[in-house]
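**Student:** need coordinates for the following:
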Amino acid sequence: MDLMPLLRRHPVAWTLSASLLLVLAWAALAPLKYANRDLLFEIPKGTWARRMAGDKVDILPSVVRLTLGVRDVLLLRNSDTVPQLFGPVLIMPGQDFRLPFEQVSENQFACTAHASGQMTVSVVAQPVPGWDRLTWRLAALVQATRYFKQQSPE
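**Tutor:** Numbering: from 1, shown residues only. Purely as a prediction, here's the structure:
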């Protein structure tokens, strides 16, 4: 089968298809690197006031995913005006607390920032190159866009 006539009729489609395949190959094979191993979980200002007003909608993720060797330290930041409890740790306003994880696990913590009073920290193994790494990157992208911090124009 001669592909040249097909390429001449649809050059943009072929270029986009080839580009998409190259991006997917990179995502599946490229090493996972971040500037640091911290994953920030910030409790925003006004969280406690919303809870006391009866707001049951969680603006924070109820499950946080960490990956060993990539992002395996949970950085808790209390930007609220009152102390917040996370597991056995009391985090004062403006305080940061780093919680490292060293093994694959599912961890349940009491968390006063959530309407349910619970938060899960899921620690997964570093994905191997190929399909596992590609699905890991896609899940990380979905998580990042789902809880993207929006700022109003000033």
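
**Student:** when you work out contacts or count neighbours from here on, use the C-alpha atoms and nothing else.
**Tutor:** Fine.

**Student:** mind checking the SS state of Asp80?
**Tutor:** With DSSP: H, G, I helix; E, B strand; the rest coil as the basis, the three-state label of Asp80 is coil.

**Student:** which residues touch it?
**Tutor:** With contacts defined as Cα atoms under 8 Å, 6 or more residues apart in numbering, the neighbours of Asp80 are Ile43, Pro44, Lys45, Gly46, Thr47, Trp48, Pro93, Gly94.

**Student:** try it again with 7 Å
**Tutor:** Applying Cα atoms under 7 Å, 6 or more residues apart in numbering, one finds that Asp80 lies in contact with Ile43, Pro44, Lys45, Gly46, Thr47, Pro93.

**Student:** ok, those vs Gln126, which is closest?
**Tutor:** Proximity of the contacts of Asp80 to Gln126 (Cα to Cα) peaks at Ile43, which lies at 26.8 Å.

**Student:** count of neighbours near the closest one?
**Tutor:** Neighbour count of Ile43, defined by other Cα atoms under 10 Å: 21.

**Student:** now do the one 3 residues further on
**Tutor:** A total of 13 residues lie near Gly46 under the criterion other Cα under 10 Å.
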